[in-house]
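In: whatever this is, show me its structure:
(one chain, ligands or ions: 1)
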Amino acid sequence: MSDAFVDTVVEQFPTTVLWRQCRDVAPLNNALAAIIRGLRESEPNAAPGTSTRGGYQTDTNFLYREDPAVRALQQLIYQGVQAYLPRYFQSNLLTAPKSVESRLWGWAVIMQPGDYNMPHVHPDAHVSGVYYVEVPELSPVEADEEEPGGSLVFFDPRSNAAMFHLKGRGQTQSYLPIAGALVAFPSYHMHAVYPYRSPGERISVAFNARLTLK
Ligand SMILES: [Fe+2]
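Out: Have a look, this model is predicted:
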């Protein structure tokens, strides 16, 4: 081994995403799906004016509804955010905070074939994410696509990298969710959901956490 060089390689301004698969959540997901479908019948649709095109969206107090399944989901999301925060701090802060308070809020979304989410960020929050309650099976045509409908698509947040054309450079990174998946990411991370074409409804709960650090 040569000792002619001393190399130090660092990752500058990394963008950190947590993808957590929750186990044994089928009963919870069934209960949540029934609640959210019920709200679609009884509560106004909050989707107009947001990044959601088509579909149904609850208000942003969904996680504070008095229901055991919703409380369990709130706990699941809280635990996911707590697991994510150390890596998020590592990627975004020069020094780790001494104490962290987080305020959480969320809303449920039902999408049908053709519905989608425009590219957007989540203002007023620091950590954002989504939990997937119900995800339809992909149609055989979609299954062969690189970024099938229903994929959660993240855009390269390094805006200056747009000038950089090199074969193989990915401008997006996408995840195809399954039920019970929880994703957490920095709220500034631009993302979208492509319209899916499979029959069936797709139910998710999006969330935000606003942090106060000391
Ligand atoms: Fe979002």
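
In: can you find the helix or strand of the chain with the lowest average pLDDT?
Out: helix 140-143 (a mean of 75; mean pLDDT, DSSP states H and E).

In: list of residues touching the biggest helix by length in the chain?
Out: Assignment by DSSP state H gives helix 68-92 as the longest helix of the chain. With contacts defined as Cβ atoms under 8 Å, 6 or more residues apart in numbering, helix 68-92 is touched by 13-16, 18, 20, 22, 25, 28, 31-32, 35, 62-64, 96-97, 100, 102, 104, 106, 127, 129, 131, 182, 184, 186, 205, 207, 209, 211. Bear in mind the C-beta positions are built from the backbone N, C-alpha and C, glycine included.

In: report the distance from stretch 100-117 to the chain centre.
Out: Computed by Cα atoms, centre = their mean, to the nearest Å, the chain-centroid distance of stretch 100-117 equals 8 Å.

In: buried set for that stretch?
Out: In terms of neighbour count (16 or more other Cβ atoms under 10 Å), stretch 100-117 has its buried residues at 100, 102, 104-111, 113, 115-117.

In: in PyMOL, how would I select just the buried ones from the contacts of helix 68-92?
Out: Selection of buried members from the contacts of helix 68-92 for PyMOL, criterion 16+ other Cβ under 10 Å:
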select buried, resi 15+16+18+20+22+25+28+31+32+35+62+63+100+102+104+106+127+129+131+182+184+186+205+207+209+211
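
In: that'll do, ta.
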